[in-house]
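Peer 1: heads up, no residue letters with this:
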């Protein structure tokens, strides 16, 4: 019994031991499990933390980009609005969808009118087709960017020359969305170029003229002087004529009758006319090479202009076709302007040539309104400005461009030599360091603007040109 | 006037010389012609000349220099300049010698009667200086 109970006890003890061991193992397992869980929990927290930081960083970056974007936009906005060049965005239909104020100002229209208008409509009609085809090529992607000189037609005839620089704006798929163009007004530069070309031309003609005129005057003298001799020797009044006629046995009266009926005197007269005209042309040509230092004296402009007007009124040529006295002369003189140092004979000639030109132009205008010439003097910085304005038929742009060219004339053959205004140009520009230019609009009139420097010393060329658009 | 006014024309262009000579001869002047300065000096030495018209561009000398030389030797004669250069202005030296702006005749001569008138008034009028 004892033994049995001992065995049982032993068994129980064994069981207990085993059980404890098992429990221990289970506990260890549980602890391990707990550990694992704890670890996993830490990891999760870390991830959450990381995510939090990332989110914050992301927001920060976003904020920064937004700031950069804003600054960029502002920068572009400032450039857009303060640019001295016009900026336009033209859509694929050729319509202006976006433009800055400068663009509107250059085109002479309000911005609202510019937006929605066709780009090519603002191009001068001479270049419109060209501009349209170029635009099309950019839209279709044939060319990527454009850089070209362009003639624009501002509202109210205010044409200007611009440099158009444009590039394609591409969408995400690479297709053209629009064209962004920048237009810079280069009218002044263009005008300066023209003036320089003109000056070159004048210098060339001047050089040619000086050499040529001297050589031509001798043969012309032979023609004109001998014509006078012949005329006198076939006319009554010279004793030698009748004496010689008697000696050779002809009746001088009959010779007279013969010459009269055959129109010989008339023919001689034609030679004289032609020769005199040639002499005039040469005399005018020589004005190019004339050095303008002869006699410079301070001259009050009103006096000078009035003298030129008087000359114009009694100029024979002028009176032959047009009566200067039928033109209303409107004087707008700046009476406080100091006298200008000049060769007054030359400037008088300049004014006379311009007045003649104006009178001839006025003769071509349809009757109805009164012919008028306005002469205005005003000051502009270092220059005295004389403006001679008529309400004649005006000139085409092509004529304006060539108006100062030697031998260029639109008058019928025999009326003008094509030198009057070239001489005016040479006298003002070469001899007085001044500027002469012309503004004209067809059917509205023409205005010549003469700028003479107050000081006759070395005047720089550039300030002169800067004056042009004042 | 018992003697005709004598005129010396100096120009190397034959056509100019002949055409003016013919006119002046018809007007009763005694006309001499020279094609260069040397020839003209020779004539001035040998014949009495009342009036000399000098081209500026002579083959052997400048017309101004010719006048400066000749006017000192022949102060009784009148000298005028005949030139094709419309821009020509009298040099100071010629002005000091008594020449005036109206002592210049420009080529071509459009009115020969005026030349005749000018020679007469200059020769019969006040002499130089």
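Peer 2: In hand now; what should we look at? This is a predicted model, so every value here is computed, not measured. Numbering: from 1, shown residues only, chains lettered A, B, ... in the order given.

Peer 1: quick check: mean pLDDT of the helix or strand containing residue A:55?
Peer 2: Using DSSP states H and E, residue A:55 sits within helix A:2-82. Average pLDDT, helix A:2-82: 88.

Peer 1: what helices and strands are in contact with that helix?
Peer 2: Here helix A:2-82 touches no other helix or strand, going by 3 or more C-beta pairs under 8 Å, 6 or more residues apart in numbering or on different chains; DSSP states H and E. In this view, the C-beta of every residue, glycine as well, is placed from N, C-alpha and C.

Peer 1: which SSE is immediately downstream of it?
Peer 2: Criterion used, DSSP H and E; the element after helix A:2-82 is strand A:86-91.

Peer 1: how far away from the center of its chain is the helix holding residue A:55?
Peer 2: Distance, stretch centre to chain centre, for helix A:2-82: 77 Å (C-alpha atoms, centre = their mean, to the nearest Å).

Peer 1: between that helix and strand A:86-91, how big is the angle?
Peer 2: 120 degrees (axes from the mean of the first three to the mean of the last three C-alpha atoms, to 10 degrees).

Peer 1: might you report the residue contacts of the residue nearest to residue A:181 when sequence neighbours are not counted?
Peer 2: For residue A:181, ignoring the flanking residues on the chain, the nearest one in space by C-beta to C-beta, 6 or more residues apart in numbering or on different chains is residue A:166 at 3.5 Å. When contacts are counted by C-beta atoms under 8 Å, 6 or more residues apart in numbering or on different chains, residue A:166 touches A:90, A:138, A:145-147, A:179-182.

Peer 1: ok, now residue A:8?
Peer 2: So residue A:8 contacts nothing (C-beta under 8 Å, 6+ apart).

Peer 1: now render the contacts of residue A:166 as CSV, adding pLDDT, neighbour count and secondary structure.
Peer 2: Listed next are the contacts of residue A:166 as CSV, based on pLDDT from 0 to 100; neighbours: other C-beta atoms under 10 Å in any protein chain shown; DSSP: H, G, I helix; E, B strand; the rest coil:
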residue, pLDDT, neighbour count, secondary structure
A:90, 95, 23, strand
A:138, 90, 21, helix
A:145, 89, 12, strand
A:146, 90, 18, strand
A:147, 93, 10, strand
A:179, 93, 21, strand
A:180, 94, 16, strand
A:181, 94, 25, strand
A:182, 95, 18, strand
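
Peer 1: and the two most separated of those residues?
Peer 2: Greatest spatial distance among these (C-beta to C-beta): A:90 and A:147, at 15.6 Å.

Peer 1: near chain A at all, the helix or strand that contains residue B:123?
Peer 2: Using DSSP H and E, residue B:123 sits within helix B:112-124. Yes. Contact of helix B:112-124 with chain A (C-beta under 8 Å from any C-beta of the partner chain) involves residue B:112.

Peer 1: who's residue A:147 bridged to?
Peer 2: Residues in a beta bridge with residue A:147, per DSSP bridges, are residue A:165.

Peer 1: that one reaches residue A:164, doesn't it?
Peer 2: Yes. Counting by C-beta atoms under 8 Å, residue A:164 is a contact partner of residue A:147 at 7.4 Å.

Peer 1: next, residue 93: phi, psi?
Peer 2: If you meant another chain, say so; for now it's chain A. When quoted as degrees, to the nearest 10, the phi and psi of residue A:93 stand at phi -90, psi 0.

Peer 1: quickly note the distance from it to chain B.
Peer 2: Look at residue A:93 and chain B: by C-beta to the nearest C-beta, to the nearest Å, they are 63 Å apart.

Peer 1: you'd agree residue A:254 is in a strand?
Peer 2: No. Read with DSSP: H, G, I helix; E, B strand; the rest coil, residue A:254 is helix and lies in no strand.

Peer 1: read off the pLDDT value for it.
Peer 2: According to the model, residue A:254 scores 92 on pLDDT.

Peer 1: also the one 3 residues further on?
Peer 2: For residue A:257, the pLDDT comes out at 92.

Peer 1: now do the buried residues in the helix or strand containing it.
Peer 2: According to DSSP H and E, residue A:257 maps onto helix A:252-261. Of the residues in helix A:252-261, A:252, A:256, A:259 count as buried by neighbour count, 16 or more other C-beta atoms under 10 Å in any protein chain shown.

Peer 1: so what does that helix touch, helix or strand wise?
Peer 2: Packed next to helix A:252-261, using 3+ C-beta pairs under 8 Å, 6+ apart, are helix A:239-248.

Peer 1: now the angle between helix A:252-261 and the helix it packs on, please.
Peer 2: 110 degrees.

Peer 1: what packs against helix A:239-248?
Peer 2: helix A:252-261.

Peer 1: got a list of contacts for the helix it packs on?
Peer 2: Applying C-beta under 8 Å, 6+ apart, the contact partners of helix A:252-261 are A:234-236, A:241-242, A:245-246, A:265.

Peer 1: over to stretch A:68-84?
Peer 2: Outside stretch A:68-84, the residues that reach it (C-beta under 8 Å, 6+ apart) are A:87, A:100-102, A:182, A:184.

Peer 1: show me the two of those that sit farthest apart.
Peer 2: The largest separation in those, counting by C-beta to C-beta, is between A:101 and A:184 at 15.2 Å.

Peer 1: could I get the phi/psi values of the most centrally placed residue in chain B?
Peer 2: By C-alpha atoms, centre = their mean, the mean C-alpha position of chain B lies nearest to residue B:53, the distance being 1.3 Å. Per-residue torsions, residue B:53: phi -110, psi 120 (degrees, to the nearest 10).

Peer 1: how many neighbouring residues does the closest residue to residue A:158 other than its chain neighbours have?
Peer 2: In space, and not counting its chain neighbours, residue A:158 is closest to residue A:108: 5.0 Å by C-beta to C-beta, 6+ apart. Look at residue A:108: counted by other C-beta atoms under 10 Å in any protein chain shown, it has 18 neighbours.

Peer 1: distance check, residue A:108 against chain B.
Peer 2: Residue A:108 sits at a distance of 46 Å from chain B (criterion: C-beta to the nearest C-beta).
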